[in-house]
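[1] pasted the sequence and its predicted model underneath.
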Amino acid sequence: MKLLTISVPAYNEETMIVPLYERIVEVMNEVKETYTFELLFINDGSKDGTLDQMKALHKKDNRVVFVDLSRNYGKEVAMAAGFDYAKGDALVTMDADLQHPPEVILEMLKLWELGYEDVYAKRNRREGETWLKKATSKMYYRILQKVARIPVLPDAGDFRLLDRRCIEALKQMRETNRYTKGLYSWIGFKKIEVTFDAAPRYDGQSKWNYQSLINLALEGITSYTTFPLRLSTYSGFIVSAAAFIYMIYLFIKTLLFGADTSGFPSLMIIILFLGGVQLISIGIIGEYLGRIFQEVKKRPLYFVESYNEDKETVNEKG
Ligand code: UDP
Ligand code: MG
């Protein structure tokens with residue numbers, strides 16, 4: 001019997017826990033001859049009854065286990081906790097809101113048996129999402145794809161099956177500014193895609209607002225490529241070269257025709273333009289510097305309040 005860990009980060013999802021559990025049991029019953037499963041919930045500092053739901057399920061069914069983080073760390077870190085606590089030969093990460101249909105797991109398992117180590121599910125359609133979210137996400141991936149050397153797959157999110165080898169690899173990536181989608185491509189291994197139709201959220205509200213999406217997008221670019229740094233170097237060069245040519249032109253013009261104060265507007269334009277370029281470059285450098293600052297602290301990724309209600313000793317895994 002192979003053990004499959006199904007890891008689910010959950011933040012304020014009290015109404016989803018039981019329906020999700022029921023759907024998963026239904027699906028896993030179909031393959032109960034070959035696989036046992038462990039449903040690993042990561043409670044990411046929920047403020048509602050999510051933890052109580054997990055506790056109740058754990059009492060009822062010992063295949064349900066949970067890790068209770070000491071506060072809300074965000075989904076990326078919660079998923080990292082999932083990698084740390086998974087016991088399975090393979091792991092499936094999925095969202096709690098049933099946007100990832102559990103039935104796809106069966107298809108993933110088949111591909112895993114064929115030797116694929118990272119089976120990622122790709123959305124076909126996005127129901128219940130605004131056109132603005134769809135359009136911005138499409139544009140973002142197009143840009144990221146262009147600047148990153150490693151392909152990041154659009155529409156392939158955090159619904160995937162990972163072989164034990166991938167889990168061990170991901171466990172070694174302890175960066176605090178996490179962009180897990182980038183990490184999946186970074187570690188390599190044999191990948192294959194399955195497609196699925198994303199369902200609308202089962203209940204409640206998406207926790208992502210535009211602010212946090214923009215933050216994650218920035219994370220994706222800056223933790224993944226140094227292209228923006230090079231971009232600012234290039235533009236610096238181009239602007240300086242243009243300014244240099246203009247300087248020579250002004251010099252010759254003054255020698256031949258004498259000085260006049262009519263150059264004031266062009267002077268202002270150049271000063272303002274250069275000032276802008278410099279501010280942008282400093283901002284980009286600041287983005288990277290900030291991330292270095294975060295990483296050199298070498299803080300643990302997270303702290304755990306309890307694992308299946310047993311108090312964990314501080315910093316055992318984080
Ligand atoms: N989530 C989490 N911590 C957070 C925010 C979200 O663990 O701080 C979980 C959430 O419970 C869900 C998954 O991440 O299981 C995806 O969240 P959501 O459905 O809000 O995002 P979307 O589907 O809109 O991308
Ligand atoms: Mg969702």
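    Alright, I've got the coordinates. Residues are numbered from 1 along each chain as shown. Ligands and ions are numbered 1, 2, ... in the order given.

[2] pull the number of nearby residues for the closest residue to residue 70 other than its chain neighbours.
    Closest residue in space to residue 70, ignoring its immediate chain neighbours: residue 303 at 4.2 Å, by CB to CB, 6 or more residues apart in numbering. C-beta: built from backbone N, CA, C; applies to glycine. Residue 303 is flanked by 17 other residues according to other CB atoms under 10 Å.

[3] ditto for residue 243
    12.

[4] against residue 282, how distant is it?
    From residue 243 across to residue 282, the span is 18 Å (CB to CB, to the nearest Å).

[5] can you check residue 9 too?
    Residue 9 sits 36 Å away from residue 282, going by CB to CB.

[6] ditto for residue 90
    With CB to CB as the criterion, residue 90 and residue 282 are 46 Å apart.

[7] in the helix or strand containing residue 251, what's buried?
    Using DSSP states H and E, residue 251 sits in helix 227-257. Neighbour-count burial for helix 227-257 flags 227-228, 232, 239 (criterion: 16 or more other CB atoms under 10 Å).

[8] helix or strand right after that helix?
    According to DSSP H and E, the helix or strand after helix 227-257 is helix 264-296.

[9] next SSE after that next one?
    Downstream of helix 264-296, the next assigned helix or strand under DSSP H and E is strand 304-307.

[10] buried residues in that next one, which are they?
    304, 306-307.

[11] looking at these, which one is closest to ligand 2?
    Distance to ligand 2 across the buried residues of strand 304-307 (CB to the ion) is lowest for residue 304, with 24.0 Å.

[12] circling back: could I get the buried residues of strand 304-307 as CSV with pLDDT?
    Formatted as CSV, the buried residues of strand 304-307 follow (pLDDT from 0 to 100):
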residue, pLDDT
304, 91
306, 89
307, 90
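
[13] of those residues, closest to ligand 1?
    Distance to ligand 1, by CB to the nearest ligand atom, is smallest for residue 304 among the buried residues of strand 304-307, at 14.3 Å.

[14] pairing partners for that closest one in the sheet, please.
    residue 69 (DSSP bridges).

[15] doesn't residue 66 make contact with it?
    No - the pair residue 304 and residue 66 does not pass the contact test of CB atoms under 8 Å, sitting 10.5 Å apart.

[16] I'd say the residue nearest to residue 70 and residue 69 touch.
    Yes - Residue 303 lies in contact with residue 69 (CB under 8 Å); the separation is 7.1 Å.
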